[in-house]
Structure formats: C-alpha cells, structure tokens
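Chemist: fold the following, please.
(one chain, ligands or ions: 1)
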Amino acid sequence: MVQTSAKRSRPHKNGEMKSRKRQKVEGQSRKVRLDQLQWKPVEMPDRLDDYEGFFGLEEIDDVDVVRDEVTGAVTFESRKAEEKLKKAEEGNSNKVEEEREDEEGDAESWEGFSEDEGQTEAQEENAQHAAEEPATVEQPGQTAKESKKKDKKRKRDDTNGESNHETKKTQTNKPQQKDDLSDVPELNGKSVFDILADAPTDDEDVEVDVSAWEPLGLSPDTLEAIARLKFAQPTTIQSSAIPEILAGHDVIGKASTGSGKTLAFGIPVLETYLGLTQGSPERKLPLALIVSPTRELAHQISAHLSKLCSGVDEAPSIATITGGLSVQKQQRQLETANIIVGTPGRLWEVISSGHGLLASLKKIRFLIVDEADRLLSEGHFKEMKEIINVLDREDSEGPNEDEPENARDTEDSKVERQTLVFSATFHKGLQQKLAGKNKKAGELMNKQESMEYLLRKLHFREEKPKFIDANPTSQLASGLKEGLIECVGTEKDLYLYSILMFHPNRRSLIFTNSISAVRRLTPFLQNLNLPALPLHSQMPQKARLRSVERFAERAGSILVATDVAARGLDIPGVEIVIHYHLPRTADTYVHRSGRTARGSASGSSVLICAPEEVAGVRRLVAKVHAQASSSGKKAKTTHFIRTLDIDRRIVSRLKPRASLAKTLADAVIAKEKKHSEDDFLRQAAEDLGVEYDSDELEAGMRGKRGRGSGRKKKEKEARSLSKAELQAMRAELKALLAQRVNTGVSARYLTSGGVDVQSLLSGVGNTAFLGEVGGLGLDDEEEGGSGEGK
Ligand SMILES: Nc1ncnc2c1ncn2[C@@H]1O[C@H](COP(=O)(O)OP(=O)(O)OP(=O)(O)O)[C@@H](O)[C@H]1O
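Modeler: Below is the predicted model of the structure:
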C-alpha cells in the first residue's frame, strides 16, 4: 500500500496572487491510498485467464501524470481533484480554505514513483531536452475546464533555423484532444503534434486584427479562436471554401500544398459545433469524421484543430484513431468525441468492431476526406469504400441496435451530412466527370477512374458539389525553387552527401521510394556526422512519431523518409526537399515538394537523377506545370527544370569519406540481416527436425545459388568484415571527417559538420562551383529555356 502526499507548483502568468493562492491549496499534503481510487477491472482475453499467476488488470481514467520540471519527480493527479482546484482558485481565499478542509477527506492526488528507474528511451530523450530547453508541461487530454494558465518561454527557430526567439505562451483552454496522446512520444510534456501545431508567432501577446475574416460570416467565438492563432487573414482556399461549407454545400477543394486547407474545413466544423446549444446532448455526439491517408497526418490534423479550439468554452473533444497505438484506449476516447480524425484501416477496425460507434457516425454532419486523391485510390480504396458504405447503409442489421441513449431525436436524425474533399492534386477533368458531363475518356480519366467511382460513392448530398480551385495556376507553392542534379546511379549517395554539405545545417527532407533505402541512407548519413532520422511505415508507430518530433524540434536535422511523409506533413522550416529516388508520379512530386515552401516561406526541391533518368524527370516536372495551367485542355509541356551546378572536383574530394561511411552502414545492415535470416533458418531447421547449418540450409532452402548473386555477393562481403576491420574503418572515417576538404577557393573548407560552408552557399568568394547566386543556383529566378540545365 502506498501513502504519499501531493506537491505541485504551478507558476501563474498573471501575477503572484493567484499563484500563491494556488500554492496554498496545492501545498497542502493530500494523503491518498492508491486503492482508494476508482479502479475499474479490465476484461482480459480468454487466453490470459489465470496466466501464470497473472489474475487480472485494473485501470483508472482521468488521471494526469505530472512531472516536476525541477526535481523530475512524477506525481499523479485525478481530474476530480483538478476541478476542485480550479473551483478553489476562482473562489475567494476563505472559500478555498474551507474547500481544502473538505478535500482532505477524499484526496486524489498523490506522489508515486520517481522517473529514475525504468525510463523509456523517449523519456530519456525528453529529459535531455528539458535540460537543454525549459518548457511548460501540458497534460494531454486536459479538458477546457482542467487546463491551467501557465507561463512559459520557448525558444523557436526562425525560418532560417539559425536564430531563436523567446516566446511566451498565453493561457488557453485546451480542447479535449482525445488523441491517444499517452501513446505519442512527448517532448517536455507536449506531444510532437502539439509542437507542430504551435503557431509560429514571434510574440504571442500581440493582438491580431482579424477583421479580414469577417466577410466569411463567422461567429465572434470562432473569430476569437482564429485571433488566438494570430492568423490575420484567410488564405485563398479558406476564404473561398468556408462560406460555401457554412452555407451547407458539399465542397471539393483544391489548393496548393501548405495553403491552409486544414483550417478551410476545420473552421466550419468549429463554427457548427459552437452553434450547438451548450450542454445539449448534441454536443456529446460526433459531429465530424475526418479521414487522412497517413497516421502522422491524422495526428497533425488533430493537433491543428486542437490548437484552433484552444480557449473555446466547452471545447470540442477530438479523438485520433490511427494504427500502431492502443485500440482499446482509442475506443474509450471515441465515446465522447465530437471530432474524429483517423486513418481508414484503424477507423474501419474500430467501426466494424461495434461499440455503438456506427449509429452515431451515421449522423455526423461532416465527412471530410483529406488528401482525397490518395485516400480514394491506392491501398486505401477498400477500407474507404467499406467506411462509406457502412455510413450510408440503412439499418439493415436491425433498428439502431447500438444507438446511444442520447442520440439525436427522430427529426434530427434526418440531418444529412456534408461531404468535404480536399487535396492539392485534383485533376481538372474531375469536376465535369463527377457531374457526368465529360464525354471524353482520355488517359487522365482512365487513371482517375477508381477515385471518381469512389467520389461518387461519397454520396454528395448535392447533385454537384462546389468545386473550388484556389490555385488554378499552380499546384506548387509560389516560394518553391526546383532543380535537378545529374550523377551516375552508383554515386547517388555521394551526391546526396555533397548536396547536404553544400547546404549545411538546414532542415532537409530526403525522399526515397523504398524502406530499404531509408534503412541504408540513415546510418550512411549518421556515419558522416549528419543528424539523420528515419521514417517509414515499417517502423513502430512510436518511433515514427519520435522521428517526426525530433525533425520538427531540431534545426538542421535531416529526415530520410518514404512517401509516408509526402502528404500533408506541416513541419515548419523545411528548407530543402531532396528526391533521392525519383517520384513515381507527378502528384507525388507535388506533394513531396510541398513539404517545403509552405505558406509564405520559400524552399528548394532537388531531384538527384542518373543520366538515363533525366529525360523522364523533365517530362514529369513539365507535366506538373502543364497540369496546373491546363484549364482542362492538354497543355504545352514547355517547362524546363534546370540542372544545378555542383563542383564535381569537390564532390570527388568527399568521395573517400562517403565510401567509408557507406561500407560501414552496409556492413551493419548486412550483419543485422544475417542475424534475422539465421533466426529464421534456425527455426526452419527445428521445424524440419534437422541440424542447423546455416550455409547448407540456406542453399537447400533457396534452391540454386546464383540468383540475385551480385547483391548477395556484396552482402556477403559486407558481412564478412571483421570487427577489427570495421573498427579500423571507423577510425579512418573519423580521421577523414576531422579533416577539412579543400574547396579550392581561398581559405574556405568543407568540414564534416558543414562549418565554414555557410558563406560558400551565398556564393561569397566562390562563384566557381556555387554559381553566381545561392548555394546551388536555386536562388536564380529564371527557370529554364535559356539553355541552362544541360
Ligand atoms: N490563414 C492563415 N494564415 C497564416 N497561416 C495559416 C493560415 N491558415 C493556415 N496557416 C498555416 O499554414 C500552414 C499550412 O497549413 P496546412 O497544413 O493546412 O496546409 P495544406 O494546404 O493542408 O497543405 P498540404 O497540401 O501539404 O497538406 C500551417 O502551419 C497552418 O498553421
């Protein structure tokens, strides 16, 4: 039995009075026994019954875990106690004292464990961050009533990633983000997506005039929410789409990457929610279902909407339903969710498992399909179809078998939902096609067939949804510079490294077409002392989120990713996108490139091409530019992407270190692979009842040797490197990295960390390899047609 007392200090922004008052309340020891709390038994799967003395599990809801920033001690606080605390704070001090007396009887706040033992990797990481950078701890899942005013200062990178601003965060009433954030890695108590959603303002106390939003017909409460985000005016897609949505229309919205599509649908959802009577049963039902193609994007949308709803009285509760995190928790969060954001697979899993969700989902006001062209095609087709079908199905499985008690009444249940569909890459023919007008079945139409079919299945409530094209002239952001670098296929690694060296300490995002390339390139770059992070779909979900978190937090970091990062991720300050592998489609090129130059920022997109790929790339990029300007007709494909200058002499000087780094990375991967293969073969041998001999068995199982022998041979070579050889190589690489690479100009050098290269990038004293302006010539406004780019 544990008996402890609760102590928690909370600085208050608005002066010492309240803070002292609170300390007075909180400073009181509230003894508690863990077994006095409202523990609930958890139903165990059959196979775990009485499992080796493991008799059962109990759980408790509404308990916050609070980490003292100074001592690192962890305490737990129940919501109930928290609410009382708030009440106490609002009342006069005498009353507080009286309530405190009463509270002592049923205290529910206690000090439990210290974090010293059993820290997870993420916690260790967070602790490290906390030491480097003090920040306020926000509890995930706080309700509006529970959230507290906190002072905090946070360093932020400016858009160049070089200088930091200190910013203060004002009080917010956090919406109930029912995101499964207890599973999401946190940084200083904030989830990564809280961090991403923080509006990048220099001074959060500065009031912003939001009168430019008034013509959109929003309520004062919504305008206040927007003012808190410091968004002085709507973007084009927002000013076009919001009034149409509020007028009850279905909308298909197209706007370039980074142009604010999330709030184009998020603001009308909030406005509608605020239109529901406070405390009414409707406020307890799901209002909007938002479907996203990737988990990271779903969490980001939740965080973005959560941020919008911060400070709103009785804020909507937001649940994030994605794979890779605990389904049980998500199911519980769904019970009270107003806005549900999820990926199709997990959504389908949760919907189809019952739990009363379906009945209320059938009555949602908004079905929102973000990145719709991806969601309604590729691998998501089936699950999306199931979800749409089930939402529209008459209750054939029995009349409202799982209807919640507080469901809308019969009249209300006729409310038809609005369907909102958004992406940066819709094709022009789509609008006519949906309206059944397009007679011409061109190539474009064939490619889009599955999507059009499903879009029809969405059952827009209007015959013709409003098609809003906010950027008819470009799918790409206006601040984006594009270029390509040509090199032989076997030297892509070297050129990748070189680009990063010529473009040092910038937040860079590298796209590959395969998971194995991510696995290979990340250690390759790390070996070269570059802060590379991996992101691909086979990583455990927490590791995925952690990579995004670190990438977003650390200036100059590098994310090596598959196209799982291509859509929607809104990470501020990404300065360069490098296509290590060429995008397979024009749309992928648009979305990948759209991770930089977001909003009013600028950024670069660089393709690394083998000579035989150049022609195809030029066609693909020309197609992107042609699609944008086509107005439905076949456009001229005259756009000419430029080849960027890079001094190949300097690249060749980087070769020895790049080769060593590659050999080392390959050796580690080959050894790991061998281990897992050995495990597999050992198991197979056991199953067959034969003695395990790896070579023999491998040969036997694979049949003839020789297939894929080139790769296999290389792997074998990499594997056969001894520890001593690897150590020697590491030492050699270390020595090389410590040396400066002569760039052949004045006294400037390339080093492993990119020191001294900064000035080279701006062309200072080195017009020879960097071109006249800008590191890779990307700052040159002219784009092709001039004979450049050969
Ligand atoms: N009215 C506004 N004023 C200033 N910034 C805004 C405004 N609306 C949204 N933003 C910011 O712009 C950034 C991009 O928004 P968002 O992620 O919604 O873009 P998107 O159009 O969905 O991009 P993508 O197509 O890549 O998914 C976000 O950081 C968001 O906070």
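
Chemist: just to be sure, Gly253 is in a helix?
Modeler: No - Gly253 is assigned strand when assessed by DSSP: H, G, I helix; E, B strand; the rest coil, not a helix.

Chemist: against the ligand, how distant is it?
Modeler: Gly253 sits at a distance of 9 Å from the ligand (criterion: CB to the nearest ligand atom, to the nearest Å). All C-beta spots, glycine's among them, are computed from the backbone N, C-alpha and C.

Chemist: same deal with Val350?
Modeler: 24 Å.

Chemist: same for the helix or strand that residue falls within, what does it pack against?
Modeler: Element membership of Val350 [criterion: DSSP states H and E] is helix 344-352. The contact analysis (3 or more CB pairs under 8 Å, 6 or more residues apart in numbering; DSSP states H and E) places helix 344-352 against strand 288-291, strand 318-321, helix 327-334, helix 357-361, helix 381-392.

Chemist: now do it, average pLDDT.
Modeler: Helix 344-352 shows a mean pLDDT of 88.

Chemist: got the angle for that helix vs helix 327-334?
Modeler: 70 degrees (axes from the mean of the first three to the mean of the last three CA atoms, to 10 degrees).

Chemist: could you give me the buried positions within helix 344-352?
Modeler: Using 16 or more other CB atoms under 10 Å as the test for burial, helix 344-352 gives Pro344, Gly345, Arg346, Leu347, Trp348, Glu349, Val350, Ile351.

Chemist: distance of the nearest residue to the first one once chain neighbours are set aside relative to Leu297?
Modeler: Closest residue to Pro344 apart from its sequence neighbours, by CB to CB, 6 or more residues apart in numbering: Glu383 at 3.8 Å. Using CB to CB, to the nearest Å, Glu383 is found at 16 Å from Leu297.

Chemist: of these two, which one has the most company?
Modeler: Ranked by neighbour count (other CB atoms under 10 Å), Glu383 and Leu297 place Leu297 first, with 25 against 20.

Chemist: could you find the closest non-adjacent residue to the more buried one?
Modeler: Per CB to CB, 6+ apart, closest to Leu297 is Gly568, 4.0 Å.

Chemist: look up how far Tyr580 lies from the closest residue to Glu486 other than its chain neighbours.
Modeler: Computed as CB to CB, 6+ apart, the closest residue to Glu486 that is not its neighbour in sequence is Cys609, at 5.4 Å. Counting by CB to CB, the gap from Cys609 to Tyr580 is 10 Å.

Chemist: Glu349 now?
Modeler: 34 Å.

Chemist: enumerate the residues of the chain near the ligand.
Modeler: Residues of the chain that fall close to the ligand, judged by CB under 6 Å from any ligand atom: 231, 234-235, 238, 255, 257-263, 424, 568, 570, 594, 598-599.

Chemist: buried subset of these?
Modeler: Buried members of the residues of the chain next to the ligand, scored by 16+ other CB under 10 Å, are 231, 234-235, 238, 255, 257-263, 424, 568, 570, 594, 598.

Chemist: domain-wise, how is this protein divided?
Modeler: If you go by the TED database, the domain ranges for the chain are 234-394+414-432+446-469, 480-646, 651-739.

Chemist: indicate which one of those is closest to Ala212.
Modeler: Ala212 lies closest, by CB to CB, to one member of those: domain 234-394+414-432+446-469, at 6.8 Å.

Chemist: and the residue nearest to Pro344, what does it touch?
Modeler: By CB atoms under 8 Å, 6 or more residues apart in numbering, the residues touching Glu383 are Pro344, Gly345, Leu347, Trp348.

Chemist: before we move on, back to that, hang on, the residue nearest to Glu486 packs against Leu484?
Modeler: Yes - contact criterion CB atoms under 8 Å: Cys609 and Leu484 qualify, at 5.2 Å.

Chemist: identify the contacts common to these two.
Modeler: Common neighbours of Cys609 and Leu484, using CB under 8 Å, 6+ apart, are Val617.

Chemist: and Thr419, helix, strand or coil?
Modeler: Secondary structure, three-state DSSP: Thr419 is strand.

Chemist: Ala212 looks like it's in a helix, true?
Modeler: Yes - under three-state DSSP, Ala212 sits within a helix.

Chemist: burial count for it?
Modeler: Look at Ala212: counted by other CB under 10 Å, it has 14 neighbours.

Chemist: what do you get for Arg740?
Modeler: For Arg740, the tally of surrounding residues (other CB under 10 Å) stands at 14.
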